[in-house]
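S.K.: I'd like to go over a predicted model; first the sequence, then the structure.
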Amino acid sequence: MGEPAQKLALPAVAPPKEDILRRLDLFVLGGPGLGGWLSKSSNSLIFERLARLEQDPLSLAQFGQLLVLGHQAPPSDDFLRYYWLSRASDHPYFIPSLSDFQPDFANDTIKSLDHLAWGLKRVFADALLWWGDIRTGYLALRGLNKAELDQLFSEHRWDHERMERRGPPLPLNVIPKDNRYLISEMACKCYGSAEGNLQQALLDAFADHEAQGGGKVTIKKLIEGTYRDRQTEFLFSAEDVLEEQVSSRDEVRKKMARVATAFTEARQKALQNTENYLSQVSDLDVYVATSMRNRNDFRRMAELTETIFGDSRLQDMHLRYFDPTLSAAQGHEDKGLIECLMVKCCKTLIYIAGEKDSYGKCAEAAMALSLGKPVIFLCDREDRLRFYKDVHPLSRLIEFETGVAVGAYVTDTPADVSELLYRIFSNSREFELEKTPLGYLRLRETSTNSIIRLQTNDVLLRETFWNHYHRPHGCR
């Protein structure tokens with residue numbers, strides 16, 4: 001007798017329910033709402049029908065039934081058609097960027113699990129972007145007809161064609177980059193007020209120097225020998241002449257007069273520029289937040305704004321943007337009011353990180369995030385990039401009006417900032433949805449890999465948050 005025939009080992013086939021749950025795991029969140037539509041305990045009819053998808057495409061009517069069988073509120077035909085059978089080319093972001101998209105999805109049926117996943121991603125992404133919660137977003141969207149959907153999302157789009165038609169703003173006064181440090185509040189206190197007069201402080205210091213024997217001495221040495229509580233602002237404001245020597249009070253006056261003349265000219269131009277900025281505040285596109293502690297900071301900021309806004313695509317949009325190196329105010333009280341107004345009115349904010357954080361720019365970034373505006377963090381070092389992207393609490397806040405968790409876009413290259421501004425204002429941002437091993441749902445912007453929306457997997461926290469957030473008087 002011959003050897004007994006060996007049985008061929010057949011590959012293990014996962015049961016339809018387990019396979020479907022694995023392939024659609026991104027949307028299996030548990031708890032109430034659309035994130036709980038699929039689970040191990042879901043109605044078996046859902047899995048039996050989805051298992052036949054590729055051989056027997058799913059009609060929108062049947063899909064609506066499956067959602068109801070999963071304890072979801074019934075959707076409108078227009079809602080299902082918008083999210084599963086159209087590319088929505090006039091959406092506020094670039095729809096085909098979501099993974100799983102295939103060009104032939106725009107048909108009359110849902111033909112695969114990939115197709116089903118693509119539509120779910122769209123719903124989840126929109127729910128996170130504008131409601132901050134999958135269940136709330138679905139309930140707000142699911143009953144809308146096409147006209148209502150179109151109207152809703154048109155309100156979230158920027159009219160970039162209008163931006164191009166409006167033409168350029170009135171021109172600003174040009175201030176040489178090397179003189180822009182003179183428009184700072186510290187310089188103003190040194191040259192623009194009698195009680196803070198730097199020249200008089202230097203004359204007093206030179207008198208002390210003469211009393212101790214006199215001779216040639218640098219301006220820096222005179223500053224370091226007196227007014228210790230104001231040395232920082234004096235050294236900053238006299239940077240142009242710090243290493244120059246003087247041997248008489250007359251030479252002190254001449255050197256400081258030269259800097260004071262440059263200060264007066266720069267300040268007058270900067271004050272006029274502020275009036276110009278105020279005249280366009282209702283149409284302000286971008287506010288630039290930063291802190292500048294020395295002359296090089298002003299030079300660097302001037303060069304960064306030229307680089308970022310010099311992008312040819314942004315030139316065509318005629319962006320109105322606030323350049324902090326070209327603006328001054330009559331006093332720090334006015335400056336605070338002006339900057340708060342601009343943060344409130346701008347469409348987006350750029351936060352320029354430096355060696356150290358400052359209260360001012362952090363407050364401005366926090367204000368913008370809390371207003372739900374896109375905020376772009378530009379860092380110039382890898383450790384700072386990680387700090388702002390993954391550690392800094394200001395990079396993720398709550399939009400006060402809606403309760404949506406808003407994250408900042410974080411990058412380390414000016415070119416990325418230009419690209420982001422273009423994508424924001426041309427409604428072409430690209431996103432990807434992800435679920436962390438801990439079950440958090442996140443929406444990432446793909447060009448910078450920044451988390452800009454999230455939903456916690458903590459059901460108690462989520463339910464408590466939304467049950468209390470919109471109470472008329474908060475949690476009182």
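M.R.: Noted; the coordinates are in hand.

S.K.: Burial check on residue 36, number of neighbours?
M.R.: The number of residues packed near residue 36 is 20, by other CB atoms under 10 Å. C-beta coordinates here come from the backbone N, C-alpha and C atoms, glycine included.

S.K.: what does residue 48 give?
M.R.: Residue 48: 12 neighbours (other CB under 10 Å).

S.K.: Not counting its neighbours along the chain, what's nearest it?
M.R.: residue 16 (7.1 Å; CB to CB, 6 or more residues apart in numbering).

S.K.: any idea how far the one you found is from residue 72?
M.R.: Applying CB to CB, to the nearest Å, the value for residue 16 to residue 72 is 20 Å.

S.K.: Give the residue from these two that has the larger number of neighbours.
M.R.: Using other CB under 10 Å as the criterion, residue 16 and residue 72 rank with residue 72 on top: 19 against 15.

S.K.: so the more buried one touches residue 138, yeah?
M.R.: Yes - if you go by CB atoms under 8 Å, residue 72 and residue 138 touch, sitting 7.3 Å apart.

S.K.: joint contacts of the two?
M.R.: Contact with both residue 72 and residue 138 is made by residues 33, 34, according to CB atoms under 8 Å, 6 or more residues apart in numbering.

S.K.: any chance you could map the helices in the stretch 51-200 of the chain?
M.R.: Secondary structure of the stretch 51-200 of the chain, counting by DSSP state H, counting those that start in this stretch: helices at 60-69, 77-84, 113-130, 134-141, 146-154, 160-165, 185-191, 198-211.

S.K.: low pLDDT regions in the stretch 51-200 of the chain?
M.R.: 106, 192-196 (pLDDT under 70).

S.K.: Check whether residue 215 sits in a helix, strand or coil.
M.R.: coil (DSSP: H, G, I helix; E, B strand; the rest coil).

S.K.: Could you measure from it over to residue 272?
M.R.: Residue 215 sits 43 Å away from residue 272, taking CB to CB as the criterion.

S.K.: The two: which is more packed in?
M.R.: Just comparing residue 215 and residue 272: by other CB under 10 Å the higher neighbour count belongs to residue 272, 15 against 9.

S.K.: Verify the stated contact: that one with residue 174.
M.R.: No - Residue 272 lies out of contact with residue 174 (CB under 8 Å); the separation is 11.3 Å.

S.K.: How far off centre is stretch 432-443?
M.R.: Distance of stretch 432-443 from its chain centroid, counting by CA atoms, centre = their mean, to the nearest Å, is 19 Å.

S.K.: Could I get the buried residue list for it?
M.R.: By neighbour count on 16 or more other CB atoms under 10 Å, the buried set for stretch 432-443 is 433, 435, 441, 442, 443.

S.K.: Show me what the top helix by length along the chain is packed against.
M.R.: What stands out as the longest helix in the chain, according to DSSP state H, is helix 249-279. Applying 3 or more CB pairs under 8 Å, 6 or more residues apart in numbering; DSSP states H and E, we find helix 249-279 packed against helix 185-191, helix 198-211, helix 219-224, helix 332-345.

S.K.: Moving C-terminal from that helix, which element do we reach first?
M.R.: strand 286-289 (DSSP states H and E).

S.K.: re earlier: just how off-centre is the longest helix of the chain within its chain?
M.R.: So, by CA atoms, centre = their mean, the centroid of helix 249-279 is 34 Å from its chain's centroid.

S.K.: got the angle between that helix and helix 332-345?
M.R.: Between helix 249-279 and helix 332-345, the angle comes out at 30 degrees (axes from the mean of the first three to the mean of the last three CA atoms, to 10 degrees).

S.K.: just to revisit the earlier point, with respect to residue 51, which of the helices and strands packed on helix 249-279 lies nearest?
M.R.: In terms of CB to CB, the element of the helices and strands packed on helix 249-279 nearest to residue 51 is helix 332-345, at 52.7 Å.

S.K.: For that closest one, the averaged confidence score.
M.R.: Averaged across helix 332-345, pLDDT comes to 94.

S.K.: so what secondary structure elements neighbour it?
M.R.: For helix 332-345, the packing partners by 3+ CB pairs under 8 Å, 6+ apart come out as helix 249-279, strand 286-289, helix 359-370.

S.K.: tell me the angle of the last one relative to helix 332-345?
M.R.: This points to helix 359-370. Using the same axes, to 10 degrees, helix 359-370 lies at 20 degrees relative to helix 332-345.

S.K.: Let me see the residues that make contact with helix 359-370.
M.R.: Contact partners of helix 359-370, identified using CB under 8 Å, 6+ apart, comprise 287, 289-291, 339-340, 343-344, 346, 348-349, 351-352, 375, 377, 394, 396-400, 406, 408.

S.K.: Buried subset of the residues you listed, written for PyMOL?
M.R.: Only the buried entries of the contacts of helix 359-370 go into this PyMOL selection, using 16+ other CB under 10 Å:
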select buried, resi 287+289+290+291+339+343+346+348+349+351+352+375+377+394+396+397+398+399+406+408
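
S.K.: Please name the residues that touch residue 30.
M.R.: 36, 39, 439, 457, 459.

S.K.: Doesn't it belong to a helix?
M.R.: No - using three-state DSSP, the assignment for residue 30 is coil, not a helix.

S.K.: gap between it and residue 392?
M.R.: Distance, residue 30 to residue 392, by CB to CB: 30 Å.

S.K.: just curious, which of the contacts of residue 30 is nearest to residue 83?
M.R.: Using CB to CB, the contacts of residue 30 come closest to residue 83 at residue 36, 18.5 Å.

S.K.: show me what contacts that closest one?
M.R.: Residue 36 makes contact with 29, 30, 70, 71, according to CB under 8 Å, 6+ apart.

S.K.: Identify the bridge partners of the spatially most central residue of the chain.
M.R.: The chain has residue 375 as the residue nearest its centroid, 2.1 Å off, counting by CA atoms, centre = their mean. Here residue 375 shows beta-bridge partners residue 349, assigned using DSSP bridges.

S.K.: Work out for me the element residue 306 sits within.
M.R.: Residue 306 belongs to helix 295-309 when assigned by DSSP H and E.

S.K.: buried sites along that helix?
M.R.: Buried-residue list, helix 295-309, by 16+ other CB under 10 Å: 295, 297, 298, 299, 300, 301, 302, 304, 305, 308, 309.

S.K.: now stretch 461-476
M.R.: Across stretch 461-476, burial judged by 16+ other CB under 10 Å covers 462, 465.
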